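[1] Prediction below, plus the sequence it came from.
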Amino acid sequence: MGLRRNKKKSHGKRTPTAVKSPKSDVKGPRLLVIKRGSVGTGVQRLLDDLQTTLAPSVVRSIRVLRSSRVRDLIKASGPLHISHSIIFTRTSEGAYMKLCTMPSGPTITFSISEYSLMKDVRASQKRPTALPPVPRLTPPCLMMNNLQPNAGPKHLQLVASSMLQIFPKILPDQSSCSNMKRCCMLYYDPATDLLDFRHYAIHLTSSTASKLISVLVNKNKIPDLHKFESIEDALDKDGLASDSECEEDSKVDLKHQLGNKQLKRPRSQQSSVKLKDAGPRMTLKVQKIETGLLGGDVLYHSKVTVAPEEMQLRAERRAKKMREKAERAKQQAENVERKKAAAEEHKQRCIAGMSAEMQKKALQKKQRSNNDESPSEQETESEEDEAQYFKDAVGQEPDNLTFGHPAKRKREKEEEAEIAANKKKAMTEKEKAREAKRAAMKKKFKELDAQRKSKRPRSFGKRLVKKIKSEKKRREAQAAAKKKEEERDENPRKKKKV
């Protein structure tokens, strides 16, 4: 039997680390994909799939609570360098997706007509596309059809420019083909006025005339050749590849790579590009465009059209509200300044009315600290000043108890105590004997009282109450019996009279 393992290596306790704000040199967009209110299970899964699609640009370190407001998102967008936020909402009419540019807008509201999740797309495929884990995902590139930021209707130009901003820019000098693993397509249909969103995984395969050679090159494995007599027979009967694999448009010149090893001098070879749907799919419609963050002026609305005169009236109303707000703010500032000036004026008046007294008190305090005068002289002066002030204000002399210094009262008490002590010293022997006898009697009575209280039982109070009640009942019974006897004596007399 082996010895029991004695583990001596200690691991420190894992403490939850705070979410650190990213560095100031953040490259590319940073997105926040959240929901507001109750959206349901399906839209919540669509939100999770969209976070995976837009990874690694999505900020996952922030948790948005139900009680969070728009101003909270604005405050968080600065330290976390959030450039855009995608907010999912749901009403009785349907689900909506809002694309907001942080921190001041604009906001584009899309109504979600149809959508399919990643798991639904995989379930419909014969060979499902597997994406790598989220931390290893590379940012996708964007392809747009019938959408341009500099051509077409103005609201579609704004949609195209906003969509371009949430995807990282592709620089030919700095980007490589190994980093382009996914792409998103946004197609606008002018007939239905709908936007189709798709997410594809990019697969590169060598473009060869024979399917057999393609398997040998791309998959690095030997196919099943037991049906053929020779390699020439296999190449002849295998035939050419399918039409979709040999399309000229999907062929590009790329550096050739064997397995996982990069050649020192890679040679150029034609490769075919295949796009496999990875999900999710969304069919969107532009519902509304606002100038601010989740508010502001409505630049475009799909259902409501406003005449130019009405728009001008709204602008005038808005300008009037802004002017009134500025006037109110100005008036409030003036009121605050006026109240401050009035308070300062009142303070100066109070100081001017009490300046003589305050100067004298300050002088007395200084004299006390320097010990130039005795305390009795300072108290006398202070009392004289107060008495004079009372006489000038009221018109009569104050009594002796109205004004008094605390130190003077303390000194009077000390003098009284000293006089009492002197009296005790001057007492005669007879008075001393009388006082001693009185003290002895007090002590004796205290001892007797304590002894009487100690002998009293605990239930003395209860028994006393019981005794009082019984005595009361006895007296009531006696009174009732006496009353009956009186009535009995009176009844025979009444009968005789009748």
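    Great, that's in hand. All values reported here derive from a predicted model rather than from experimental measurement.
[2] what residue ranges in the stretch 201-350 of the chain are flagged as low confidence?
    The stretch 201-350 of the chain contains residues with pLDDT under 70 at 205-221, 234-270, 350.
[3] all helices for it, in order.
    211-218, 231-238, 308-353 (DSSP state H, counting those that start in this stretch).
[4] count of residues packed around Gly28?
    13 (other Cβ atoms under 10 Å). In short, each C-beta sits where N, CA and C put it, glycine included.
[5] ok, back up a step: in JSON lines: the helices of the stretch 201-350 of the chain, plus distance to Glu429 and mean neighbour count.
    JSON lines is the format used below for those (distance: least, Cβ to Cβ, whole Å; neighbours: other Cβ atoms under 10 Å):
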{"stretch": "helix 211-218", "distance to Glu429": "133", "mean neighbour count": "16"}
{"stretch": "helix 231-238", "distance to Glu429": "147", "mean neighbour count": "12"}
{"stretch": "helix 308-353", "distance to Glu429": "64", "mean neighbour count": "10"}
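[6] Take these and lay them out in JSON lines including distance to Lys466.
    Shown next, in JSON lines, are the helices of the stretch 201-350 of the chain (distance: least, Cβ to Cβ, whole Å):
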{"stretch": "helix 211-218", "distance to Lys466": "110"}
{"stretch": "helix 231-238", "distance to Lys466": "120"}
{"stretch": "helix 308-353", "distance to Lys466": "70"}
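[7] Which one of those helices lies nearest to Lys98?
    For Lys98, the closest of the helices of the stretch 201-350 of the chain is helix 308-353, at 22.1 Å, according to Cβ to Cβ.
[8] Out of the helices of the stretch 201-350 of the chain, which gets nearest to Val59?
    Closest among the helices of the stretch 201-350 of the chain, using Cβ to Cβ: helix 308-353, at 33.7 Å.
[9] In this protein, which strand is the longest?
    Assignment by DSSP state E gives strand 194-206 as the longest strand of the chain.
[10] Partner strands of that strand and their direction?
    Strand pairing for strand 194-206, using DSSP bridges, gives strand 182-189 (antiparallel), strand 268-277 (antiparallel), strand 281-290 (antiparallel).
[11] With mean neighbour count as extra columns, can I get those in TSV?
    Output for these, formatted as TSV (neighbours: other Cβ atoms under 10 Å):
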stretch	mean neighbour count
strand 182-189	18
strand 268-277	16
strand 281-290	20
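[12] Enumerate every residue touching Leu32.
    Neighbouring residues of Leu32 by Cβ atoms under 8 Å, 6 or more residues apart in numbering: 58-59, 62, 64, 73, 77, 80, 82, 84-86, 102.
[13] Please pick the buried ones from these.
    Among the contacts of Leu32, the ones that count as buried by 16 or more other Cβ atoms under 10 Å are 58-59, 64, 73, 77, 80, 82, 84-86, 102.
[14] of those residues, the lowest pLDDT goes to which?
    For the buried ones among the contacts of Leu32, the weakest pLDDT value sits at Val64, with 79.
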